[in-house]
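# Next one to model:
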Amino acid sequence: MERSRNYGFFFYVLLFFLLSLAGWLWEIAIYLVQDGKFVNRGVLLGPWLPIYGGGGLLLAIMLRKWEYKPVRTFFASMALCSVVEYLSSYFLERGWGIRWWDYSDQFLNISGRICLWGCLLFGVGGWLLVCYVMPYLRMVYRKIWKRDKGRKALQLACLLFILAFAADAAWAADFPNMGEGITARMTAFP
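All right, here's what the predicted structure looks like:
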């Protein structure tokens, strides 16, 4: 019965922002370890990478039926996330003439937009998200949502996140994040 329950708008808004933040932290950690310095990744200025939020939502919604099928979840996550990353790279490049990431030097890459190592990481991440993290998040959300104050707090949090994100996205439409470190990794196209 639990598997067919629809959590609705507020759950998915919060999930989007939680996963966007987790993706931002992941990328920050990679560059801290790799280069020893903070690099704010992505187009936006805020602590979120919407590619992770959107990709995670896609997995949470589309693969929920496979919550107890880890092998299917792994391979479907690899495929879905790789398509999202490829298309995101393509549209970011077309929109701003800049490539925010380039895997050309990685084994089995496609146009430098995706690579085998990234696909495997997406598979593991999607498997962990769908099979382990999502059931836990649904349980926590239900507990908070049952209380009137909890429901109002979640709704207010959603509103504040949406407003902050909209302002950030509006600013980035004209002035995308070009922080130090990113520009050194980007490949500009005429």
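# wait, isn't residue 137 in contact with residue 12?
No: Residue 137 is not in contact with residue 12 according to CB atoms under 8 Å; the separation is 10.9 Å. All C-beta spots, glycine's among them, are computed from the backbone N, C-alpha and C.
# Relative to residue 55, how far out is residue 94?
19 Å (CB to CB, to the nearest Å).
# Name all residues that make contact with residue 170.
Applying CB atoms under 8 Å, 6 or more residues apart in numbering to residue 170 gives no contacts.
# Make sure it is indeed in a helix.
Yes: assessed by DSSP: H, G, I helix; E, B strand; the rest coil, residue 170 belongs to a helix.
# residue boundaries of the strands in this structure?
Per DSSP state E, the chain has strands spanning 98-99, 109-110, 114-115, 187-188. These are given in chain order.
# Any idea which of these gets closest to residue 156?
For residue 156, the closest of those is strand 98-99, at 35.9 Å, according to CB to CB.
# what residue ranges in this structure score low on pLDDT?
Low-confidence regions of the chain, defined by pLDDT under 70, span residues 1-6, 178-190.
# show me the contacts for the residue positioned nearest the centre of it.
In the chain, the C-alpha nearest the mean C-alpha coordinate belongs to residue 52, at 0.6 Å (CA atoms, centre = their mean). Residue 52 sits next to 19, 20, 22, 23, 24, 26 when contact means CB under 8 Å, 6+ apart.
# how close does the third one get to residue 55?
For residue 22, the distance to residue 55 equals 11 Å [CB to CB].
# and those two? which has more neighbours close in?
Taking neighbours as other CB atoms under 10 Å, residue 22 and residue 55 compare with residue 55 leading, 26 against 18.
# For the residue lying farthest from the centre of the chain, give its distance to residue 155.
Largest separation from the mean C-alpha position in the chain: residue 148, at 29.7 Å (CA atoms, centre = their mean). Noted for residue 148: a distance of 11 Å to residue 155, by CB to CB.
# go on, residue 61?
For residue 61, the distance to residue 155 - CB to CB - is 21 Å.
# Of those two, which one has the most company?
residue 155 (15 against 11).
# now the more buried one, nearest residue through space, not along the chain?
residue 10 (6.0 Å; CB to CB, 6 or more residues apart in numbering).
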